Structure formats: structure tokens, C-alpha cells
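In: Sharing a sequence plus its predicted fold:
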Amino acid sequence: MMELNRNYGVENELTVGNIQHEFWPLDEIDPKKAKFPCCVIWTPLPVVSWLAPFIGHVGICREDGTIIDFSGSNLVNIDDFAFGSVSRYIQLDRKQCCFPPNLAGHTCKCRYKHAEYGSAITWDDAIQSAIRNFEHKSYNLFTCNCHSFVANCLNRICYDGSMSWNMIDVAALVLFKGTWVDGFSVLRSFLPFMVVLCLGVFMVGWPFMIGLFSFSLLLIGWFLLGTYCFKNLLEC
């Protein structure tokens, strides 16, 4: 009987290990077909990005590369990225995720918090859970937006061992680690801002630049305060 239990334990351990560590191979990233497997993606927003080019619209992609993004109240787009084609992306490593088949199968250090939040057994399962959660939420650029949706997905997979993903983390991830699709994407992201800046300085003078800089600081300040000081403001 002891030998039987020992064999069952070894077999169960191997099964859990296979679930956690064996993944289907991903297809290549293909910007022409808008396929970005397991990526967080970014594109500039009309008007807003013209004034603050570091702000944009983000989404997350399934394992097959299909783009998913939260772009309006009760609206989660599937394979129809709002506001244009992808400009920047970062592919995430599924090995940095926690996909527990049960409570004992968690590889992260916050198994109880992860289970209570809503864990997932696959990458796509996490995205589908987030879709069900956000398809009944009201969109607000300042409190509940596309960054909130992506952060929710990353928390469901406890990416990089963290259950604290938020708007600022998602924005910083793409801003500092993202890869540009091509040179035109860089141009499309910054040219409108440079045109607005030059026209403003030419027509109004240096006060326009000061006003534009102040606008950016106010936006950054709002999201920083809402994320780290008054967390209930940005709960989504």
C-alpha cells in the first residue's frame, strides 16, 4: 500500500509539472496580419497622444495572436484593435506565469490571494475571465480603462510573481520595454505631437510649451496619486 501511494504521488507530481511547464509553441509575431502571440500591445490615441505621446491605448493578445482590448463601456474588442494598428509590443514569457490546476499547484508565493482573485489554468483562460469581468464595466479614461483590463489579466496569471499589476505598471512595461513595429510606427506616434508643439510655440510662444508640460504633469500626477495614494479612485 505504501508503495502504491508513493507511485501515485510521483505520478501526480509529474502531471502537475507537465500542466505548469509545458506550453504549445507560439507562432511568430506577424504585424502585417496583426498577430502578436502572448503580447501586450500599444497604439497612440487620437488627440490625447498628440498632447501627451506617452499615453496610448493598450491591449493583450491570446496565444494565437488574436488582439483583445477594452475600448468602451461594456465593450471588449476581439481581433479588432481600437484606434489603429499596433505601434509597439512586448511579448511576455508564459514561464513567468502561475497556472495552478489546484490550490496546491500554485508556483507563486501568494497562492491564497491569487486563488481568491481568480486564477487561471492557461493564458487564454485568464484573458477570457477578464473579458467576462469587463464586458459589464463602464469605461472611463481616468479611472477604468484599457490599462485596467490588461492589469487584470496579468494579475490573474500572477505574472512575474506579482499580484499588484496596475495602470502605471502596464504603461511602464510597454513604455520602457516595448519594441516598435517599424519606423512608421514611431513617426505615427510622435509626429502629431511635434506638429502641435511647433504650431503652439509659433502661434502662442513659450507659454504654450509650459501649458503642455503642465498638462502632462497633471495627467501623470492623477494616475500616480490614484494608483498609490487613493487606490479606491482607480478601482475597476
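Out: Thanks, I have it. Numbers count the residues shown, from 1 in each chain.
In: Stretch 150-168 - what's its average pLDDT?
Out: For stretch 150-168, mean pLDDT rounds to 93.
In: so how far is stretch 197-215 off the chain centroid?
Out: 32 Å (C-alpha atoms, centre = their mean, to the nearest Å).
In: Next, the buried residues of that stretch.
Out: Residues of stretch 197-215 classed as buried by neighbour count (16 or more other C-beta atoms under 10 Å): 197, 200, 208, 212. Placement of C-beta: from N, CA and C, glycine included.
In: cool, stretch 113-121 as well?
Out: 114, 119, 120.
In: Please apply the same query to stretch 101-116.
Out: Buried, per 16+ other C-beta under 10 Å, within stretch 101-116: 105, 106, 107, 108, 110, 111, 114.
In: Just say helix, strand or coil for residue 90.
Out: strand (DSSP: H, G, I helix; E, B strand; the rest coil).
In: so how far is residue 231 from the closest residue in space to it that isn't next to it in sequence?
Out: Excluding the flanking residues, the one nearest residue 90 by C-beta to C-beta, 6 or more residues apart in numbering is residue 178, at 4.7 Å. Distance from residue 178 to residue 231, counting by C-beta to C-beta, to the nearest Å: 26 Å.
In: ok, the two, which is more surrounded?
Out: residue 178 (19 against 11; other C-beta atoms under 10 Å).
In: Now do the SS call for residue 202.
Out: Relying on three-state DSSP, one would call residue 202 helix.
In: State the pLDDT value of it.
Out: For residue 202, pLDDT reads 92.
In: Now intersect the buried residues of stretch 113-121 with the helices, please.
Out: If you go by DSSP state H, these have residue 114 in helices.
In: in this structure, which spans are strands?
Out: For the chain, the strands defined by DSSP state E occupy 39-44, 56-61, 67-72, 75-78, 88-91, 179-180.
In: mind checking which of the ones you listed is nearest residue 100?
Out: strand 56-61 (20.1 Å; C-beta to C-beta).
In: Give the pairing partners of that closest one; include direction for each.
Out: Looking at strand 56-61 with DSSP bridges, its partner strands are strand 39-44 (antiparallel), strand 67-72 (antiparallel).
In: would you list the ones you listed in TSV and tack on mean pLDDT?
Out: Converted to TSV, those look like this (pLDDT from 0 to 100):
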stretch	mean pLDDT
strand 39-44	98
strand 67-72	96
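In: how about those strands in CSV, adding mean neighbour count and distance to residue 164?
Out: Shown next, in CSV, are the strands paired with strand 56-61 (neighbours: other C-beta atoms under 10 Å; distance: least, C-beta to C-beta, whole Å):
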stretch, mean neighbour count, distance to residue 164
strand 39-44, 26, 16
strand 67-72, 22, 20
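In: This completes my enquiry, with thanks.
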